[in-house]
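Undergrad: Quick one: sequence plus predicted model below, questions after.
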Amino acid sequence: MTNPLRDALAAGRFCYVVELVASALTREARLLEAASGLARIPAVVAGSITSYAGGAIGHDPLRVAAAARARGMTPNIHLTCVSQDRRGLAKSLDDMHALSLENVFALTGDYPGAGDQPPVFDLDSVQLVRLINERRRSGMPFHIAVAVSPFKYTEADCVYQYVKLEKKIAAGADVAVTQVGWDARKFGELKRYLDERGLRTPLLGNVYVLGPKTAERMATGRPPGCWVSPELLAAVQTESRAQDGGRQARLERAARTVAILRGLGYAGAYIGGTHDAAQIAWVIRRADELAPRWEALAVELGYGAAGGFYLPSRKPAASAGRVARSQTDRLPRVFDWLARAFPVNRDTWLRRALTRVFGWVDRRRPAAALVERVELAIKKPLFGCQACGNCVLSHLEYVCPQTCPKQLRNGPCGGTDQGRCEVTPEKPCIWVAVYDRAKAMGALDDLKTYVPPPDRRLRDTSSWINYFLDRDSRPAAGDLHG
Ligand code: SF4
């Protein structure tokens, strides 16, 4: 069976993927009608079927996908870590394979809103890509899309997005789709980042047909990770006073953005904000006309954050200027020193001795429980430890990943806003501290280390015992950087 998305990317043919929001608010029949219309546009190679968009439950994406395919539209199915653990995700992949659905968009997912089912977040998006890649190795021909947001205007948020994309690519991603944004410099920055590192993964730029209501919502940072600047909001509001309610102006902006993406060397556009086949066909035609003027148009598409961070050209993240040591906590450095002075991460006399001691402790339940309590009494006040039993503090600059509301282990999600957490905006995102400490130590490359999901069966047991008895889940030697 052919896969137009895979084929277009492989052939280097500029292509379009259109997002179909399978929310409970959209009637399924309307979605499928839209899919039928889009299937008649040759440049549209897939319809991207959302799951849990904005953290809200929608239609079953697999059912919608199968029905859309029956109407001639190749689906790209969003698979998020919000509501399923690794077994549930593996089962969804098996179901997809049984239905011959190949394209999967691997996402962490938005945190559910109040009143929705509590989230699962057993895996993060990098671990999910690995899971899909393992399935692929066993003969299921999945094509994996992942997300990245260049539209981050603090250094830690921005560079960590790119580092995390590198991890997703290493894990098996085939194509990366950007978050929504209206800043040509940022689109260019992401492309340049990959080019400078010799990464040829194709990029789809997000082109959202933005109306005034959505612009107002995004101006407040909702949904998480989507941001409209005050200048863009004002422009959209002015346009919406036209007789057509601003429809022509927003389609023109979308077409210009597509033209810029083509000029920058993107592999395609990921269109959101409209399902209307006639509007999308117009955007495609108009973008073709505008293509020769893309550089001038790029200068005009500049709705970034005033004074925001842009990654300097030809300056690999690993050698970016260091932050002053005084800005980082001293505690991580003390632990680093201890680890060097008393090496236990390789076969030393100390490791052998401690393995014997912890093996003896492990065979005596009261002693093991006591060690677990002592460990928690030390680590909870220092790191906010939640006794996951699979400690990866030394791989994450002594920041506990369990203090991330989504329990991510491989970097921030796309929901950060100026270094603040998507779920608890009153707090900084924990990954900012990880980034700052790594940068202060000149160890940004270490952030590319793949951190596997924890073995949840070890919860409320001592990670010290688990470590010395080699039963915890931690980065393998082959996944370590630096
Ligand atoms: S990673 Fe696990 S064991 Fe380590 S501090 Fe965090 S919760 Fe505790």
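TA: Thanks, I have the structure now. Residues are numbered from 1 along each chain as shown.
Undergrad: Tell me how far residue 73 lies from residue 280.
TA: In this view, residue 73 and residue 280 are 12 Å apart by C-beta to C-beta, to the nearest Å. Every C-beta, even on glycine, is put in place using the N, C-alpha and C of the backbone.
Undergrad: again, but for residue 313
TA: Counting by C-beta to C-beta, the gap from residue 313 to residue 280 is 34 Å.
Undergrad: Same check on residue 107?
TA: 23 Å.
Undergrad: which residues do residue 73 and residue 280 both contact?
TA: Common contacts of residue 73 and residue 280, defined by C-beta atoms under 8 Å, 6 or more residues apart in numbering, comprise 38, 44.
Undergrad: Other residues contacting stretch 353-363?
TA: Contacts of stretch 353-363 (C-beta under 8 Å, 6+ apart): 344, 367-368, 371, 464-465, 468-469.
Undergrad: which of those count as buried?
TA: Neighbour counting with 16 or more other C-beta atoms under 10 Å marks 344, 368, 371, 464-465, 468 as buried within the contacts of stretch 353-363.
Undergrad: Can you flag which of the residues you listed belong to helices?
TA: Residues of these located in helices (DSSP state H): 368, 371, 464-465, 468.
Undergrad: now these in a markdown table, with pLDDT?
TA: Below are these laid out as a markdown table (pLDDT from 0 to 100):
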| residue | pLDDT |
| --- | --- |
| 368 | 97 |
| 371 | 97 |
| 464 | 97 |
| 465 | 98 |
| 468 | 97 |
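Undergrad: which among these gets closest to the ligand?
TA: The nearest member of those to the ligand, counting by C-beta to the nearest ligand atom, is residue 464 at 8.9 Å.
Undergrad: hmm, back to that, compare residue 313 and residue 280 (neighbour count), which wins?
TA: Ranked by neighbour count (other C-beta atoms under 10 Å), residue 313 and residue 280 place residue 280 first, with 25 against 10.
Undergrad: show me what contacts that one?
TA: 16, 18, 38, 41, 44, 271, 274.
Undergrad: Excluding chain neighbours, what is closest to the fourth one?
TA: Read it as residue 41. Spatially, and ignoring its direct neighbours in sequence, residue 41 is nearest to residue 281 (5.5 Å; C-beta to C-beta, 6 or more residues apart in numbering).
Undergrad: The one you found and the ligand, how far apart?
TA: Going from residue 281 to the ligand by C-beta to the nearest ligand atom, to the nearest Å gives 51 Å.
Undergrad: The ligand contacts on this structure?
TA: 379, 383, 385-388, 390-393, 400-402, 463 (C-beta under 6 Å from any ligand atom).
Undergrad: switch the cut-off to 8 Å
TA: Within the chain, the positions adjacent to the ligand are 375-376, 379-380, 383-393, 396, 400-403, 454, 463 by C-beta under 8 Å from any ligand atom.
Undergrad: Buried only: go through these for me.
TA: The neighbour count (16+ other C-beta under 10 Å) marks 375-376, 379, 383, 385-393, 396, 400-402, 454, 463 as buried among the residues of the chain next to the ligand.
Undergrad: Mind checking which of those land in strands?
TA: Using DSSP state E to define strands, no part of these is located there.
Undergrad: Which ones among the residues you listed map onto helices?
TA: Per DSSP H, those map to helices at 375-376, 379, 383, 463.
Undergrad: Report the residue spans of the stretch 51-200 of the chain with pLDDT below the cut-off.
TA: 52-58 (pLDDT under 70).
Undergrad: Name the residue of it that lies nearest to the ligand.
TA: Of all residues in the stretch 51-200 of the chain, the one sitting closest to the ligand is residue 124 (13.6 Å; C-beta to the nearest ligand atom).
Undergrad: Burial check on that residue, number of neighbours?
TA: Residue 124 has 27 nearby residues by other C-beta under 10 Å.
Undergrad: For it, which non-adjacent residue is spatially closest?
TA: Using C-beta to C-beta, 6+ apart, the nearest residue to residue 124 is residue 408, at 4.3 Å.
Undergrad: Wait, that neighbour touches residue 401, no?
TA: Yes: if you go by C-beta atoms under 8 Å, residue 408 and residue 401 touch, sitting 6.3 Å apart.
Undergrad: Touching, residue 157 and residue 416? I think so.
TA: Yes: in this structure, residue 157 is within contact of residue 416 by C-beta under 8 Å, at 4.9 Å.
Undergrad: Need the residues touching each of the two.
TA: Contacts common to residue 157 and residue 416, judged by C-beta under 8 Å, 6+ apart, are residue 429.
Undergrad: Contact partners for residue 201?
TA: 169, 173-176, 194.
Undergrad: change it to 10 Å
TA: Residue 201 makes contact with 9, 146, 148, 165-166, 168-169, 173-176, 194, 267 under the criterion C-beta atoms under 10 Å, 6 or more residues apart in numbering.
Undergrad: can you check residue 186 too?
TA: Taking C-beta under 10 Å, 6+ apart, one finds 149-153, 158, 178-179, 301-305, 308, 310-311 in contact with residue 186.
Undergrad: Figure out the helix or strand that it lives in.
TA: Following DSSP states H and E, one finds residue 186 within helix 184-196.
Undergrad: Let me know the next secondary structure element after that helix.
TA: Next in sequence after helix 184-196, counting helices and strands by DSSP H and E, comes strand 203-208.
Undergrad: That next one - what's its average pLDDT?
TA: Per-residue pLDDT over strand 203-208 has a mean of 98.
Undergrad: Name the strands paired with it and say parallel or antiparallel.
TA: Strand 203-208 pairs in its sheet with strand 175-178 (parallel), strand 268-272 (parallel), by DSSP bridges.
Undergrad: ranking those by burial, who's on top?
TA: Stretch with highest mean neighbour count among the strands paired with strand 203-208: strand 268-272 (a mean of 27; mean count of other C-beta atoms under 10 Å).
Undergrad: mind saving the C-alpha coords of it as CSV?
TA: Taking Å, rounded to 0.1, in the frame of the first residue of the first chain, the C-alpha atoms of strand 268-272 are listed here in CSV:
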residue,chain,number,x,y,z
GLY,A,268,6.0,21.0,3.5
ALA,A,269,3.3,22.8,5.4
TYR,A,270,1.1,21.5,8.2
ILE,A,271,-2.1,23.5,7.9
GLY,A,272,-4.4,24.0,10.8
